[in-house]
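Undergrad: Would you be able to build a 3D model of this:
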Amino acid sequence: MKKLFALIVFVGSSILFTLFAQNIGRQSIKISDIEGNSYNTVLIGNQHWMAENLKVSKYNDGTQIPNVTDDTKWSGLSSGAWCYYNNEVVNNSKYGKLYNWYAISLTTNGNKNLCPSGWHVPSDIEWTVLIKYLGGEDVAGGKLKGVGTTNWSYSNTDDSNISLFTGLPGGNRNDAGSFENIGEGAYWWSSSEVFWKSEATGMAWYRYLFSSIEYRKKTNQVNGLSIRCIRD
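TA: Numbering: from 1, shown residues only. As a prediction, this is how the structure comes out:
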């Protein structure tokens, strides 16, 4: 969707109108991962984003990412893994898979990429660029959120999905291995680790969409969250 803005400039007694086009949300190319899963993408500002959550179970070099279903085993992981929400494959088509942060980190995943070729997991800074472009945390959420209550358990009057990002509430898997918040919250990893005085904290930055407000938070790297990829 392209939004037009008119800038009015007064020059003597004449008025000059200059129109600026802004890419709030515009359908872009379709991409596929190594397993053949196809994804819609959208151009928002100068960034190309996947408009769906990642579904792949392999890195793009063909290496398998383990599917860990056991709660206790999940909570003790220090290497990459994925799962379906509630370990139910029916959730994959709509919400994609949940991944721990170790599947993203080049240090723990063997310098591999789980996004389609030419795409990557967005950094915290790249997420910030998106949110600022959409007006900041207080208003960006409604522009990112899929509208209505078909998927979300509630809807707000300012939910518009004008960005065509179509955020859906795929829930999360916490550091005890339990599943929570499907239908209520969308959680997406960044590739950025949290540091304190130059030391890694075992936490990473993520983005959380609950209502029409988008939040930047940090969480334990063992948690299972969704992934949206961004073009290189």
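
Undergrad: Can you give me the neighbour number for G62?
TA: 9 (other Cβ atoms under 10 Å). For the C-beta atoms, the positions are set from N, CA and C on the backbone; glycine is no exception.

Undergrad: residues touching it, list them.
TA: I34 (Cβ atoms under 8 Å, 6 or more residues apart in numbering).

Undergrad: helix, strand or coil for it?
TA: Three-state assignment for G62 (DSSP: H, G, I helix; E, B strand; the rest coil): coil.

Undergrad: Could I get the phi/psi values of it?
TA: phi 100, psi -10 (degrees, to the nearest 10).

Undergrad: which helix in this protein runs the most residues?
TA: helix 124-133 (DSSP state H).

Undergrad: for the nearest residue to G185 once chain neighbours are set aside, phi and psi?
TA: Nearest residue to G185 in three dimensions, chain neighbours excluded: F210, at 5.1 Å (Cβ to Cβ, 6 or more residues apart in numbering). Here is the backbone geometry of F210 (degrees, to the nearest 10): phi -120, psi -60.

Undergrad: Next, the contact list for F210, please.
TA: G141, E184, G185, A186.

Undergrad: how close does it sit to V139?
TA: 14 Å (Cβ to Cβ, to the nearest Å).

Undergrad: Also K97?
TA: Distance, K97 to V139, using Cβ to Cβ: 29 Å.

Undergrad: Same drill for those two, tell me which one is more crowded.
TA: The residue with more neighbours, out of K97 and V139, is K97; 25 against 15, by other Cβ under 10 Å.

Undergrad: which non-adjacent residue is nearest that one?
TA: W82 (4.6 Å).

Undergrad: The one you found pairs with what?
TA: Under the criterion DSSP bridges, W82 forms beta bridges with N67, Y99.

Undergrad: neighbours around it, how many?
TA: 23.

Undergrad: Quick one: residues contacting the closest residue to T149 other than its chain neighbours.
TA: Of all residues not flanking T149 in the chain, S155 sits nearest, at 5.1 Å (Cβ to Cβ, 6+ apart). By Cβ under 8 Å, 6+ apart, the contact list for S155 reads V147, G148, T149.

Undergrad: ok, of those residues, which come out buried?
TA: Buried subset of those (neighbour count, 16 or more other Cβ atoms under 10 Å): empty, as none qualifies.
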